[in-house]
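Novice: Okay, predicted coordinates and the sequence, questions at the end:
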Amino acid sequence: MLKISQLHKSYPIGDSSLHVLKGIDLNVESGEMVAIMGSSGSGKSTLLNIIGILDEADSGEYTLDGVEIKNLNEKKAAIYRNKFLGFIFQSFNLINYKNALENVALPLYYQGLKRKERQEKAKFHLKKVGLLDWAHHLPSELSGGQKQRVAIARALAAEPKLLLADEPTGALDMGTSYEIMEFLQQLNDEGKTILIVTHEEDIAKMCKRIVRLRDGVIMEDKKVKQVRAGQNV
Amino acid sequence: MFDLDLWREIFQSINKNRLRTILSGFTVVFAIMLFTILFGLVNGLQNTFTEAFADDANNAIFINSGRTTKAYKGLQAGRRIQFENKEIDYIKDDNGNKVEFITARIYRNEVATFRNEKSNYSVKAVHPDHQFLERTVMNEGRYINQRDINEKTKVVVIGRLVEDDLFLKTTALGKYINLSGIQYKIVGIFSDEGNENEERSIYMPVSTAQQVYGNNEYIDQINLSYNPDMNFDQAIAFSKSLEKKLKERFSVAKLDQRAIRVRNMAEASRDVNQMMVVLGILVLVIGLGTLIAGIVGISNIMIFIVKERTKEIGIRKALGAQPRSIVLIILLESVLITAIAGYIGLLIGTGVLNLAGPSLKEYFITDPSVKTSLVVMATITLIIAGALAGYVPAKKASRIKPIVALRNE
């Protein structure tokens, strides 16, 4: 599903440069649920951004679903993001003047689907996250957990191969966090591949595999016994 | 090209961000409104000038006589200079085709009577050429002709307002009017574009007047126009030489300002032309000024809008929006708002001009208005400027890495 080898990335800081990723090797199979852990500055967000084609590596290879991601122009990158990836952000990143349904339908608009089809698909995914009744509410009228569920529905709408979540529970209280995690586990059970960046141990333990980063290298990569979020609630 | 979904996105963005829309629209409304009003006012000023000088031919030269103020060639000061018919012949013979039209003028005031109506009018005795010099427009009948001059016929041509005064609702043409006891046949009724006062006067053949008022060949004023092919310098030289020759003819000192006066309209019309040029420059400065102000306003707003939408752009890009679609959505929105706002500005501007126009006459502003095409051009300029001003930041925004845009809280 996802193959990364000898990935390097550095950022220029003034005259010198900061070497953030120092040769990352990572393979993720279809259906996995992986937590990427590390303290701030460990490079976990940079890694996620490169995986999400939001950023480009300096060197190394990255293959996503058999397609090599390299030297993409903006247009290609946009198409791949739309086709392969679904994003879930810590701050939800919903468009504030669009209602829940329109937010969920947005990636479908960029896929070029017809309006009617978009509406139907968006409704289907909203129903899946249990927010069909809130379809016509603006983000400002939703709670944090509801916003994140709309964001998940939006990430799912384009039916991506890979879900990328950057601290998905970072802005939520514990109860809501576990609800979201339970939902993500459920999606994983259905076969979705999910990558979660987090610095919370309990969230990481709800995944099936934990990759620990420190100073730009992988310190530890182990499979764990998944803790079901539902049991903790 | 026409993408319904794209426009739906744009309309939603316009509709849901009303404050932003109104603010950016307001700048354009204001710029176009000011543009329209200022341009209209200056146009009105220009209209006033054009109208004021439309009365007489602007290549006219007026020659008047008076008393000498200096003794010269043994003649005393205070001598009266009197032009006669032979002066007209002299000027004609001496200058050939430099003279376009020439006429004598004799001024009288007469009480004119028709049946029970009577009133006081200025009577001018003239040659047929006077029609072209005064730009008289014949409404009915004919003007004075050469036969009238030769035969000293008792005919008159009366102004439109004279007909209104004396003949009430009936037609004056062919009737007889009484001037100080003598009956004159009315052969024509005229109007005058430049001057309403002129329409309250009566023209008669110069020879008839000379016979009736003293049986002499005296004339009060010579009125001529120079060949319009002459340029300004030639025209001035012509009137100077005319003045010099006439002074020699009447033995008047060269520096005598009163005895013979030659007034060349070319000088006045040059002043008017200069005034027009100044007004033209004023128009240009005002137009460019308001446009630049508008452009700066639009540019600022576009930069602000792009900044405000950076996060949204990041989200859209993360969801798979291509750079082109980002640029389009921002630019089309600004073009749409500018176009509509420009139209509103035009409506308000012309509305103000129409409302205020009539009461501005006393400030030398006549019929202030702007060509719609000009305002449309101004609006298009603003649209293009807005698009250009928006394009750079929009393009830049479309290139921002989504992750940077998303971090922008």
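Specialist: It's in.
Novice: who does the helix or strand where A:Ala122 lies touch, helix- and strand-wise?
Specialist: Per DSSP states H and E: A:Ala122 is located in helix A:115-128. Judged by 3 or more Cβ pairs under 8 Å, 6 or more residues apart in numbering or on different chains; DSSP states H and E, helix A:115-128 is in contact with helix A:100-111, helix A:144-157. (Glycine included, C-beta is placed from N, CA and C.)
Novice: Tell me which residues are up against the first one.
Specialist: Pointing back at helix A:100-111 there. Outside of helix A:100-111, the residues within contact range by Cβ atoms under 8 Å, 6 or more residues apart in numbering or on different chains are A:78, A:82-83, A:86, A:94-95, A:98, A:117-119, A:121-123, A:125-126, A:131, A:134-139, A:142, A:150-151, A:153-154, A:157-158, B:5, B:9, B:12, B:316, B:319-322, B:325.
Novice: re the thing from before, would TSV of the helices and strands packed on helix A:115-128 with mean pLDDT and mean neighbour count be doable?
Specialist: Shown next, in TSV, are the helices and strands packed on helix A:115-128 (pLDDT from 0 to 100; neighbours: other Cβ atoms under 10 Å in any protein chain shown):
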stretch	mean pLDDT	mean neighbour count
helix A:100-111	92	24
helix A:144-157	92	24
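Novice: Contacts only, for the residue of chain B found nearest chain A.
Specialist: Residue nearest to chain A within chain B (Cβ to the nearest Cβ): B:Gly320, separated by 2.4 Å. The contact partners of B:Gly320, by Cβ under 8 Å, 6+ apart, come to A:Ala78, A:Ile79, A:Arg81, A:Asn82, A:Lys83, A:Pro107, A:Tyr110, A:Gln111, A:Ala158.
Novice: Which one of the residues you listed is nearest to A:Gln146?
Specialist: A:Pro107 (19.0 Å; Cβ to Cβ).
Novice: Excluding residues flanking it in the chain, which one is nearest residue 150?
Specialist: In the absence of a named chain, this looks at chain A. Ranked by Cβ to Cβ, 6 or more residues apart in numbering or on different chains and with sequence neighbours excluded, the top spatial neighbour of A:Val150 is A:Ala100, at 4.8 Å.
Novice: my bad, chain B
Specialist: Distances taken as Cβ to Cβ, 6+ apart place B:Ser207 nearest to B:Asn150, at 7.4 Å, with adjacent residues excluded.
Novice: Report the buried residues of the helix or strand in which that neighbour is found.
Specialist: Here B:Ser207, judged by DSSP H and E, is contained in helix B:206-212. Residues of helix B:206-212 classed as buried: B:Val206, B:Ser207, B:Thr208, B:Ala209, B:Gln210, B:Val212 (neighbour count, 16 or more other Cβ atoms under 10 Å in any protein chain shown).
Novice: by contact count, what packs against that helix?
Specialist: strand B:99-114, strand B:117-126, helix B:146-151, strand B:218-219.
Novice: if we go to 7 Å?
Specialist: Other helices and strands packing on helix B:206-212, by 3 or more Cβ pairs under 7 Å, 6 or more residues apart in numbering or on different chains; DSSP states H and E, are strand B:99-114, strand B:117-126.
Novice: I'd like these laid out as JSON lines, including distance to chain A, mean neighbour count and mean pLDDT.
Specialist: Shown next, in JSON lines, are the helices and strands packed on helix B:206-212 (distance: least, Cβ to the nearest Cβ, whole Å; neighbours: other Cβ atoms under 10 Å in any protein chain shown; pLDDT from 0 to 100):
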{"stretch": "strand B:99-114", "distance to chain A": "73", "mean neighbour count": "19", "mean pLDDT": "91"}
{"stretch": "strand B:117-126", "distance to chain A": "76", "mean neighbour count": "18", "mean pLDDT": "91"}
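Novice: Pull up the distance across stretch B:241-256, start to finish.
Specialist: 15 Å (Cα to Cα, to the nearest Å).
Novice: What lies in contact with that stretch?
Specialist: B:Thr68, B:Thr69, B:Lys70, B:Tyr72, B:Lys73, B:Leu75, B:Ile81, B:Asp94, B:Ala259, B:Ile260, B:Val262 (Cβ atoms under 7 Å, 6 or more residues apart in numbering or on different chains).
Novice: Narrow these to those that are buried.
Specialist: Using 16+ other Cβ under 10 Å, the buried ones in the contacts of stretch B:241-256 are B:Thr68, B:Thr69, B:Lys70, B:Tyr72, B:Ile81, B:Ala259, B:Ile260, B:Val262.
Novice: same for chain A: which of these are within range?
Specialist: Checked against chain A using Cβ under 7 Å from any Cβ of the partner chain, the buried ones among the contacts of stretch B:241-256 yield no neighbours at all.
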